[in-house]
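Novice: quick one, structure for this:
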Amino acid sequence: MDNRTCPYPTLGLYIAGDWIDDTGNGVIPVLDPATETRIGLLPKATARHLDMLLDAAANASAAWGRMPVQERAAFLCAAADLLRARSDAIAAVVTLEQGKPLAEARSEVLRSADLIEWNADAAVALFESEGTRIDGGNAISLVPVGPVAAFTPWNVPVLSPARKISMALAAGCTCILKPAEETPGSAVELIRAFADAGLPAGVLGLALGDPAFISDHLIRSSVIRKVTFTGSVPVGKHLAALAGSVMKPVTMELGGHNPVLVLQDADIEKVAKASALGKFRNAGQICTSPTRFYVHTSKFDDFVEAFAAETARLQVGNGFDPENHVGPVASERRLHAIETLVSDTLGKGATLVTGGARLGSTGYFYAPTILTGVDGESAFMRDEPFGPVAGVFSFETVAEGLALCNQSSLGLAAYVFAASDIDANKAAAGMDSGIVGINSFSVSRPDLPFGGVKDSGYGREGGVEGLKAFLVTKVVAR
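Specialist: You can find the predicted model right below:
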């Protein structure tokens with residue numbers, strides 16, 4: 001299978017159990033980032049469509065919330081099984097519209113199935129242990145917050161929607177999903193798995209189209225009782241302000257400019273190999289992607305050399321070719337943003353170790369790039385790269401290294417590499433971030449709460465904490 005033979009789904013809204021591909025309000029072209037060819041047309045929801053989605057979510061809310069959690073969990077587990085059975089076909093859609101290598105796409109689909117199943121099982125355990133307790137004759141219960149509006153990004157177009165949908169549905173909330181307009185086909189396939197699992201009509205809806213129009217309409221509606229968003233800091237701040245103006249609780253996951261602290265006793269060869277794989281996975285388009293590497297001065301030169309050598313082994317190209325390790329970035333807009341960031345940073349005196357240029361004239365391919373000598377006023381230090389670009393810096397003392405790591409206004413993930421567990425744990429305690437990985441870049445798991453501090457947002461997804469974000473505590477006092 002390749003770009004030419006991969007079937008792309010018909011794009012449509014999912015409203016009250018029906019698929020609607022009404023294009024009367026116009027369409028948005030969906031492009032293959034590897035070839036720049038059009039692969040689909042995204043229908044734009046109207047206000048009438050959104051009101052239909054809201055009515056369906058409201059009408060289904062009470063029955064879904066009252067349904068025994070074990071029955072809700074069964075629907076989720078059935079959807080997870082369908083994702084596993086369809087993983088090859090869905091992965092091809094992901095690669096076609098997002099660009100990541102097919103093996104990465106398949107892994108994302110399978111991880112999404114595991115995540116859905118984990119949330120189903122965790123919800124059963126949570127409600128059985130904490131659903132209702134009696135305290136002095138008073139009843140204290142966990143109840144669903146109500147219909148949810150979920151907004152998801154293009155970089156993990158199955159995993160992010162799967163996380164938000166499964167947490168909301170497991171908790172007893174109905175949900176309307178608005179996926180990124182760059183990757184709607186992945187969302188359609190995910191929704192179809194839930195629909196084919198027999199999910200009652202109205203419990204889950206899909207809105208496609210103009211993001212500003214849809215978010216404004218949904219968040220202002222009295223039907224929506226909770227907002228969850230993953231995306232950029234500026235958009236997140238706007239949506240949080242909008243939700244605040246109508247008193248809606250929000251979960252905001254707004255990305256990061258994630259530091260790596262490489263201590264003096266770290267195994268440089270192992271760290272360099274892990275760094276090349278961790279940094280350039282999904283072409284660096286992961287919110288937890290390491291971006292700023294702070295290496296003890298005694299190991300700086302060795303690390304740069306080893307990191308560059310490992311990076312040179314990565315082959316860039318079409319994600320359908322199994323020989324390729326890195327695909328294109330997701331859009332022309334992202335390509336231009338990376339080109340501008342690197343140009344500005346080099347213009348302010350940075351040294352280019354490797355990469356630093358677009359590859360070819362067709363497709364949004366950019367060479368994995370390593371920079372040193374980055375100026376503190378450069379675009380690289382101001383802006384999250386969200387692409388295949390890394391900066392390497394040196395430090396003398398751990399205190400200095402931590403200060404450098406913590407200087408960003410973002411605080412999602414951070415990483416420490418060290419031979420000594422004691423030193424690694426001490427450094428992790430000093431990291432100003434929501435998540436810290438020790439000797440590993442793998443920090444996102446279904447059982448762990450996920451989220452950041454500072455401009456990286458607030459609230460948590462994943463783990464029991466993520467489920468509880470879709471619940472409120474209700475007291476019946478006597």
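
Novice: ok, the closest residue to Ala187 other than its chain neighbours - contacts?
Specialist: Nearest non-adjacent residue to Ala187, counting by C-beta to C-beta, 6 or more residues apart in numbering: Pro179, 3.6 Å away. C-betas here are computed from N, CA, C, even on glycine. Pro179 sits next to 152, 154, 157, 161, 186-187, 206, 208 when contact means C-beta atoms under 8 Å, 6 or more residues apart in numbering.

Novice: tell me which other helices or strands the longest helix along the chain touches.
Specialist: Taking DSSP state H as the criterion, the chain has its longest helix at helix 102-130. Secondary-structure packing of helix 102-130 (3 or more C-beta pairs under 8 Å, 6 or more residues apart in numbering; DSSP states H and E): helix 69-85, helix 87-98, strand 138-144, helix 159-171, helix 463-468.

Novice: distance to Val329, mean neighbour count and mean pLDDT added to these, as a markdown table?
Specialist: Formatted as a markdown table, those follow (distance: least, C-beta to C-beta, whole Å; neighbours: other C-beta atoms under 10 Å; pLDDT from 0 to 100):
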| stretch | distance to Val329 | mean neighbour count | mean pLDDT |
| --- | --- | --- | --- |
| helix 69-85 | 26 | 19 | 98 |
| helix 87-98 | 10 | 25 | 98 |
| strand 138-144 | 38 | 16 | 95 |
| helix 159-171 | 17 | 28 | 98 |
| helix 463-468 | 29 | 20 | 96 |
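
Novice: which among those is found nearest to Lys474?
Specialist: strand 138-144 (4.9 Å; C-beta to C-beta).

Novice: quick one, the closest one and helix 102-130 angle?
Specialist: For strand 138-144 against helix 102-130, the angle by axes from the mean of the first three to the mean of the last three C-alpha atoms, to 10 degrees is 160 degrees.

Novice: strand 138-144 pairs with which strands, and in what direction?
Specialist: Strand pairing for strand 138-144, using DSSP bridges, gives strand 132-135 (antiparallel), strand 471-476 (antiparallel).

Novice: that one vs helix 159-171, what angle?
Specialist: If you take the same axes, to 10 degrees, strand 138-144 sits at 150 degrees to helix 159-171.

Novice: show me where the stretch 301-450 of the chain has its strands.
Specialist: In the stretch 301-450 of the chain, the strands defined using DSSP state E, counting those that start in this stretch lie at 351-354, 369-372, 389-395, 410-411, 413-417, 435-438.

Novice: so for Gly457, which of those sits nearest?
Specialist: That would be, of the strands of the stretch 301-450 of the chain and by C-beta to C-beta, strand 410-411, which comes in at 9.2 Å.

Novice: coming back round to it: how much space separates the residue nearest to Ala187 from Leu13?
Specialist: Plainly put, Pro179 is 11 Å away from Leu13 if you go by C-beta to C-beta, to the nearest Å.

Novice: what residues are shared contacts of the two?
Specialist: By C-beta under 8 Å, 6+ apart, Pro179 and Leu13 have these common neighbours: 206, 208.

Novice: for this protein, what are the low-confidence residue spans?
Specialist: Within the chain, the segments meeting pLDDT under 70 span 1-4.

Novice: so which bits of stretch 356-371 are buried?
Specialist: For stretch 356-371, a neighbour-count test (16 or more other C-beta atoms under 10 Å) marks 356, 358-359, 363-371 as buried.

Novice: what is the most widely separated pair among these?
Specialist: So, those by C-beta to C-beta: farthest apart are Gly363 and Leu371, at 23.2 Å.

Novice: if we can go back for a sec, mean neighbour count, the strands paired with strand 138-144: which tops it?
Specialist: Mean neighbours per residue, mean count of other C-beta atoms under 10 Å, is largest over the strands paired with strand 138-144 for strand 471-476, with a mean of 13.

Novice: quick one: contacts of that one?
Specialist: Applying C-beta under 8 Å, 6+ apart, the contact partners of strand 471-476 are 138-145, 171-172.

Novice: hang on, the earlier thing: put the buried members of the contacts of Pro179 into a ChimeraX selection.
Specialist: Buried residues within the contacts of Pro179, by 16+ other C-beta under 10 Å, are selected in ChimeraX with:
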select :152,154,157,161,186,187,206,208
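
Novice: relative to Arg133, which of the contacts of Pro179 is nearest.
Specialist: Of all those, Pro161 has the smallest distance to Arg133: 32.9 Å, by C-beta to C-beta.

Novice: verify the stated contact: that closest one with Thr152.
Specialist: Yes - between Pro161 and Thr152 there is a contact at 4.7 Å, judged by C-beta atoms under 8 Å.

Novice: what touches both of these two?
Specialist: Joint contacts of Pro161 and Thr152 (C-beta under 8 Å, 6+ apart) are 177, 179, 187.
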